[in-house]
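Enquirer: sequence first, predicted model second:
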Amino acid sequence: MTLSGSAQGVDEKAGGADAPQALTDGFHLLIDALKLNDVKTIYGVPGIPITDFGRMAQGAGIRVLSFRHEQNAGNAAAIAGYLTKKPGICLTVSAPGFLNGLTALAHATTNCWPMILISGSSEREIVDLMQGDYEEMDQLAIAKPLCKAAYRILHAQDIGIGVARAIRAAVSGRPGGVYLDIPGNLLGQVMDEVEGAKSLVKVIDPAPAQIPAPSAVERALEVIKGAKKPLIILGKGASYAQCDDVVREFVEKSGIPYLPMSMAKGLLPDTHEQSAGPARSLVLKESDVVVMVGARLNWLLSHGKGKSWGEPHSTKFVQIDIEPKEMDSNVEIAAPLVGDIGSCLSALVGGMGDDWKAPPKEWTDAVKAKKDANVARMASKLQNNNVPMDYNGALGALKNIIKERPDAILVNEGANTLDFARSIIDMYQPRKRLDVGTWGVMGVGMGSAIAAAVETGKPVLAVEGDSAFGFSGMEVETICRYKLPVCIVVFNNNGIYRGTDVNQSGGSDVATTVFVENSRYDLMMEAFGGVGVHVTNPDELTRAVNAAMDSGKPTLINAAIDPAAGKESGNIGSLNPVSVVGKK
Ligand code: ADP
Ligand code: MG
């Protein structure tokens, strides 16, 4: 490009006395640096000082999707990172916009997903002297403790290296969130166009394979061989790794029952012979050796100890993880296997040889018996056509829909809506279940749904509690604006957990967990030109979802659920503190 006006002809040496020097600027360099590294999509909210940047990025062929709130754009970028193994990019304005995006960046980091939050910021000179600039905030300092890495670029000639550093930090080793601070005046800085092009960096091998040590592989195989009741736990690190074939090979060759963590459901179909999903309590309690594959022994697995692990009986752990510090985080790891999941599992499969012995039949039979009994017990409950709907009836209908449409992406958040859907709806393909992740955070639904549709082109079914939906509900406008094939089902039970709570003071306000009775969330979708449907029984629900998935039109189905169905905090009510002095 050649800039006109005051930027032109700054240095007359290059092209002779009267040839204008070709210049570039921060706007173009940042766009070129992102494009050079295959960034195809930016999720964000425009405003000072990045409005023109977004506009120009769109003009340069990057898909720039504008949201109604930065947190939702950030959640979209986080899920884009999970689905693609490339950093999802979120673009925000300074201070408040930055802070809104930061929650999602912390969420991405907690979940080990690569994401880059790019925020405009105000004048460094004024911020550092705290002289009260427009949206003044030391964003870099604030971001640092909440993400994997944080960088600021001050000079146009450093944009190439700054972007490269951000990308490598996000995707290498344990993936995570990276903050990139872009002071507004950086975008306007000019430099020689040829020098500028030379300053850009294409990141080579951003997430290098990490091969486990042969001695660690042998140790792991020894521990597994010694097991009488082995179990494999597949986590979302394993689905993130996109080495689906070797995961299947390891599971099938070993013959060991496996338990998928929530977002690892579908890595192997939930209907797989060796799935121990419906026998979860039994396998956690009884297993003597557990092979953790891209899963952490955090709260979601009771930290690897206590009642659910059948204490005092002690479990031996083999753990595969790319992050060495994860080992022994909660309990002793007998055989740590540090490396990327593809390399580690290939090494294990290689080391198993042709004479590998399947686990004792008594164990696999016991798991199967428990599983079959639990599946049979649930089956009849899921077929009810009750009015008002309960969770079983409504989710039984959605279970059948995913069975018939296994390539659809299921987004899921809420309390009871989350817990019941996770156990009831079988998944058949990898990375098709997107939910609240490691934090169990509410509000990720619409960002996830939008990114899932954009990144994969597949239809999305978002199953949302009414409370969870409220956190990001305004993004139905975004879904309509971009005409995305998203079908949202709001499980409307008039409140948080249930809609039946009463105000303990007897006052006129409703209880703290109660919403407006019989709200018509479907009309929100109609307001923006999408399809809204109100349903009251599982048959209507089935028909409405099928119509939405067939048409690909943005649809919101308001599914009236019995306000008395569901329990406080779903499956994790035990995490609530209880007053010892007693309630009124
Ligand atoms: P879940 O919630 O499903 O148990 P977690 O998020 O707790 O999953 O664990 C995922 C783990 O996977 C993290 O410890 C992370 O370091 C690890 N991980 C992510 N990507 C890879 C990879 N490519 N290879 C090995 N480990 C990985
Ligand atoms: Mg509710």
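Expert: On my side now, so go ahead. Ligands and ions are numbered 1, 2, ... in the order given.

Enquirer: which residues in the stretch 401-550 of the chain form strands?
Expert: Per DSSP state E, counting those that start in this stretch, the stretch 401-550 of the chain carries strands over the ranges 409-413, 433-434, 460-465, 486-492, 531-535.

Enquirer: interface residues of this protein facing ligand 2?
Expert: Applying Cβ under 5 Å from the ion, one finds that the chain approaches ligand 2 through 465, 466, 493. Just so you know, the C-beta spots here come from the backbone N, C-alpha and C atoms, and that holds for glycine as well.

Enquirer: give me the pLDDT value at the second one.
Expert: pLDDT, residue 466: 97.

Enquirer: out of the strands of the stretch 401-550 of the chain, nearest to residue 342?
Expert: The closest of the strands of the stretch 401-550 of the chain to residue 342 is strand 433-434. By Cβ to Cβ, the value is 20.9 Å.

Enquirer: the closest one near ligand 1 anywhere?
Expert: No - figure legend: strand 433-434 not in contact with ligand 1 (Cβ under 6 Å from any ligand atom); closest approach 10.6 Å.

Enquirer: which of the strands of the stretch 401-550 of the chain sits most buried?
Expert: Most buried of those by mean neighbour count (mean count of other Cβ atoms under 10 Å) is strand 486-492; its value is a mean of 30.

Enquirer: which strands and helices sit next to it?
Expert: Other helices and strands packing on strand 486-492, by 3 or more Cβ pairs under 8 Å, 6 or more residues apart in numbering; DSSP states H and E, are helix 391-404, helix 445-456, strand 460-465, helix 466-472, helix 476-481, helix 538-551, strand 555-560.

Enquirer: quick one: the helices in the stretch 251-400 of the chain?
Expert: Using DSSP state H, counting those that start in this stretch, the helices of the stretch 251-400 of the chain run over 280-286, 341-352, 361-381, 391-404.

Enquirer: show me how far the first one is from its chain's centre.
Expert: From the chain centre to the centre of helix 280-286 is a distance of 27 Å (Cα atoms, centre = their mean, to the nearest Å).

Enquirer: contact partners for the residue lying closest to residue 93 once chain neighbours are set aside?
Expert: Using Cβ to Cβ, 6 or more residues apart in numbering and skipping residues adjacent in sequence, the residue nearest residue 93 is residue 47, 3.7 Å away. Each residue near residue 47 by Cβ atoms under 8 Å, 6 or more residues apart in numbering is listed here: 92, 93, 97.

Enquirer: tell me the confidence at residue 47?
Expert: Residue 47 is given a pLDDT of 97.

Enquirer: distance of it from residue 66?
Expert: Distance of residue 47 to residue 66, given as Cβ to Cβ, to the nearest Å: 10 Å.

Enquirer: need the overlap of contacts for the two.
Expert: With Cβ under 8 Å, 6+ apart as the test, residue 47 and residue 66 reach no residue in common.

Enquirer: surely residue 480 touches residue 532?
Expert: No - proximity of residue 480 to residue 532 does not meet the contact threshold set by Cβ atoms under 8 Å, at 11.0 Å.

Enquirer: domains in this structure, as residue ranges please.
Expert: 2-199, 214-372, 380-499+509-560 (automatic domain parsing).

Enquirer: intersection of neighbour lists for residue 480 and residue 532?
Expert: residue 525.

Enquirer: re earlier: closest one to residue 130 among the strands of the stretch 401-550 of the chain?
Expert: Among the strands of the stretch 401-550 of the chain, if distance is taken as Cβ to Cβ, the winner is strand 409-413, at 39.2 Å.

Enquirer: element containing residue 205, please.
Expert: Here residue 205 sits in a region with no helix or strand, counting by DSSP states H and E.

Enquirer: tell me the pLDDT of it.
Expert: pLDDT, residue 205: 98.

Enquirer: tell me the phi and psi of it?
Expert: In terms of degrees, to the nearest 10, the main-chain angles of residue 205 are phi 50, psi 60.

Enquirer: I'd like to know how far it sits from residue 172.
Expert: Between residue 205 and residue 172 the distance, using Cβ to Cβ, works out to 9 Å.

Enquirer: interface residues of this structure facing ligand 1?
Expert: Residues of the chain lying close to ligand 1 by Cβ under 6 Å from any ligand atom are 111-112, 174-175, 235-237, 240-241, 261, 263-264, 294-296, 298, 300, 321-323, 326, 340-341, 438.

Enquirer: can you select the buried ones among these for me in PyMOL?
Expert: The following PyMOL line selects those of the residues of the chain next to ligand 1 that are buried, judged by 16 or more other Cβ atoms under 10 Å:
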select buried, resi 111+112+174+175+235+236+237+240+241+261+263+264+294+295+296+321+322+326+340+341+438
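
Enquirer: any idea how far residue 341 is from residue 246?
Expert: 8 Å.

Enquirer: ok, now residue 453?
Expert: Separation of residue 453 from residue 341 (Cβ to Cβ): 27 Å.

Enquirer: same question, residue 247
Expert: Distance from residue 247 to residue 341, by Cβ to Cβ: 7 Å.

Enquirer: which neighbours do those two share?
Expert: Listed as contacting both residue 247 and residue 341 by Cβ under 8 Å, 6+ apart are 238, 293.

Enquirer: ok, the residue nearest to residue 562 when sequence neighbours are not counted - contacts?
Expert: Once flanking residues are discounted, residue 562 sits nearest to residue 388: 4.0 Å by Cβ to Cβ, 6+ apart. Applying Cβ under 8 Å, 6+ apart, one finds that residue 388 lies in contact with 536, 560, 561, 562, 563, 565.

Enquirer: and of those residues, the nearest to residue 201?
Expert: Comparing the contacts of residue 388 against residue 201 with Cβ to Cβ picks out residue 561 as the nearest, at 52.3 Å.

Enquirer: could you give the bridge partners of that closest one?
Expert: Beta-bridge partners of residue 561, counted by DSSP bridges, are residue 389.

Enquirer: for stretch 328-346, list the C-alpha coordinates in PDB.
Expert: Extracted C-alpha coordinates of stretch 328-346, given in PDB (Å, rounded to 0.1, in the frame of the first residue of the first chain):
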ATOM      1  CA  ASP A 328       1.000 -35.500  41.900                       C
ATOM      2  CA  SER A 329      -1.300 -32.500  41.900                       C
ATOM      3  CA  ASN A 330      -3.800 -34.200  44.200                       C
ATOM      4  CA  VAL A 331      -2.600 -37.800  44.800                       C
ATOM      5  CA  GLU A 332       0.600 -39.700  44.000                       C
ATOM      6  CA  ILE A 333       0.900 -40.700  40.400                       C
ATOM      7  CA  ALA A 334       2.500 -44.100  40.100                       C
ATOM      8  CA  ALA A 335       3.400 -43.800  36.500                       C
ATOM      9  CA  PRO A 336       3.600 -40.200  35.100                       C
ATOM     10  CA  LEU A 337       3.700 -40.100  31.300                       C
ATOM     11  CA  VAL A 338       4.500 -36.600  30.200                       C
ATOM     12  CA  GLY A 339       4.000 -35.900  26.500                       C
ATOM     13  CA  ASP A 340       1.300 -35.200  24.000                       C
ATOM     14  CA  ILE A 341      -1.500 -37.700  24.000                       C
ATOM     15  CA  GLY A 342      -1.000 -39.000  20.500                       C
ATOM     16  CA  SER A 343       2.700 -39.700  21.100                       C
ATOM     17  CA  CYS A 344       2.100 -41.300  24.500                       C
ATOM     18  CA  LEU A 345      -0.800 -43.500  23.400                       C
ATOM     19  CA  SER A 346       1.100 -44.600  20.300                       C
END
